[in-house]
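Asker: I would like to see how this sequence folds:
(4 chains)
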2 protein chains.
Amino acid sequence: MAVPAVPASGATDVEQAMFEFVDAYNQAWEAAASEHGLSTAHACVLGRVETRRSMGELAEELRCDASNITQIVARLEARELVHREPNPEDRRSRQIVRTPSGDDLYGEFEESFEFPRAAASNLTVAERKQFAALLHKALRR
Amino acid sequence: MAVPAVPASGATDVEQAMFEFVDAYNQAWEAAASEHGLSTAHACVLGRVETRRSMGELAEELRCDASNITQIVARLEARELVHREPNPEDRRSRQIVRTPSGDDLYGEFEESFEFPRAAASNLTVAERKQFAALLHKALRR
DNA sequence: AGCAGGTGCTTGATTCGCTCAAGGGAACAT
DNA sequence: ATGTTCCCTTGAGCGAATCAAGCACCTGCT
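Answerer: Alright, predicted model coming up:
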């Protein structure tokens, strides 16, 4: 159910454009993940463990329950994409790292997720700068 | 697991900015839905049935299996947010419509989904026009 | 040292979202 | 009317998510 929200009846042009852009981004991201046999959850986790991370850190960054991470990491580990190491400083904690084959798979995934590169390449250098500035400014609260 | 992709190591500024914007949009959308007791799937469907739609149309628009829609509509119907009517022109088909209380709930949801309005209001009128144009241009393929 | 309480993770139960396979009933084409 | 196609539903099964409970370990206090 990739489609977030149909734009409100009274939506302005910009709002409509934001929606379309976000939807396209989401769709492209999901498609790239599934092309590599990754669920969105797996791709999220795999992306974060490029540098060593604990379960708790993952749970916090991905805004979900720790037990959810346990489950996902277990599946990634079963596929040998990820490795769970003891933390010598705190024996309750586990450090998650990508295995070489996890690195490879994630690399391929990133490469096939062309959307951001393609979007940027549709713009001139000056426009890219502008676009980045506007994206940031729109976020400011 | 709202967080789509951590930006690639070699990501440029624009790409990073796109990611942040999309992430914020997604997060805001999910939060607004959950504030109103809606899952993302329910919010998607509820949003589309402002105008009468068949199950098949919903499945196509939301890019998922028809049986998934059956299930979701059943839950929405149990909450009386939606109503399933026979289609006089084709008795195999069902027409889905929001009930008045479905209209109310969706209205409140849309109101609480401030993100696009807030984003627009961070920009001047000229910037909004520019932003919309860039969003579109970035999507062109 | 010893205990109380907090932390980090796992397990189990449960729900929802999603897909696939199978099937029923209705439309349609010949 | 008969066979095919179409729309939807049902059932089975898995992944994702949450919550409640529990275990192992750390920390702070006395």
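
Asker: Report the spatially closest residue to the spatially most central residue of chain A, excluding sequence-adjacent ones.
Answerer: For chain A, the residue lying nearest the average C-alpha position, counting by C-alpha atoms, centre = their mean, turns out to be A:Cys44 (4.5 Å). Distances taken as C-beta to C-beta, 6 or more residues apart in numbering or on different chains put B:Met1 closest to A:Cys44, at 5.1 Å, once the chain neighbours are dropped. Using the backbone N, CA and C atoms, a C-beta is placed for each residue, glycine as well.

Asker: and the gap between the one you found and DNA strand C?
Answerer: Noted for B:Met1: a distance of 12 Å to DNA strand C, by C-beta to the nearest atom of the strand, to the nearest Å.

Asker: so what's whichever residue of chain A sits closest to DNA strand D up against?
Answerer: Nearest residue of chain A to DNA strand D, counting by C-beta to the nearest atom of the strand: A:Ser39, 2.8 Å away. For A:Ser39, the contacting residues are A:Ala33, by C-beta atoms under 8 Å, 6 or more residues apart in numbering or on different chains.

Asker: related to what we said a few turns ago, what strand or helix carries the residue nearest to A:Cys44?
Answerer: Element membership for B:Met1 (DSSP states H and E) is empty, with no helix or strand holding it.

Asker: Run a quick neighbour tally on it.
Answerer: By the criterion of other C-beta atoms under 10 Å in any protein chain shown, B:Met1 has 16 neighbours.

Asker: what does the model give it for pLDDT?
Answerer: B:Met1 carries a pLDDT value of 74.

Asker: before we move on, what about A:Val6?
Answerer: For A:Val6, the pLDDT comes out at 59.

Asker: low-scoring stretches of chain A, by residue?
Answerer: Residue ranges of chain A with pLDDT under 70: A:2-9.

Asker: What segments of it are helices?
Answerer: Counting by DSSP state H, chain A has these helices, from start to end: A:13-35, A:40-48, A:55-61, A:66-78, A:100-112, A:115-121, A:125-139.

Asker: Let me know which of the ones you listed is tucked in deepest.
Answerer: Burial of the helices of chain A is given as mean neighbour count (mean count of other C-beta atoms under 10 Å in any protein chain shown); helix A:40-48 ranks first at a mean of 22.

Asker: Name the residues of chain A found near DNA strand C, please.
Answerer: Residues of chain A found near DNA strand C (C-beta under 7 Å from any atom of the strand) are A:1, A:54-57, A:59, A:66-67, A:69-71, A:73-74, A:84, A:87, A:90, A:92-94.

Asker: my read: the residue nearest to the centre of chain A touches B:Asp23, true?
Answerer: No - if you go by C-beta atoms under 8 Å, A:Cys44 and B:Asp23 don't touch, sitting 11.0 Å apart.

Asker: Distance check, A:Phe21 against B:Leu62.
Answerer: Separation of A:Phe21 from B:Leu62 (C-beta to C-beta, to the nearest Å): 19 Å.

Asker: What of A:Tyr106?
Answerer: Applying C-beta to C-beta, the value for A:Tyr106 to B:Leu62 is 28 Å.

Asker: again, but for A:Ala78
Answerer: Here the distance between A:Ala78 and B:Leu62 works out to 31 Å (C-beta to C-beta).

Asker: List the contacts of A:Arg75.
Answerer: Taking C-beta under 8 Å, 6+ apart as the test, what A:Arg75 contacts is A:His42.

Asker: swap in A:Asn122?
Answerer: Going by C-beta under 8 Å, 6+ apart, A:Asn122 touches B:Lys137, B:Ala138, B:Leu139, B:Arg140, B:Arg141.

Asker: can you redo those as TSV with distance to A:Ala31?
Answerer: What follows is the contacts of A:Asn122, written out as TSV (distance: C-beta to C-beta, whole Å):
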residue	distance to A:Ala31
B:Lys137	22
B:Ala138	17
B:Leu139	15
B:Arg140	18
B:Arg141	14
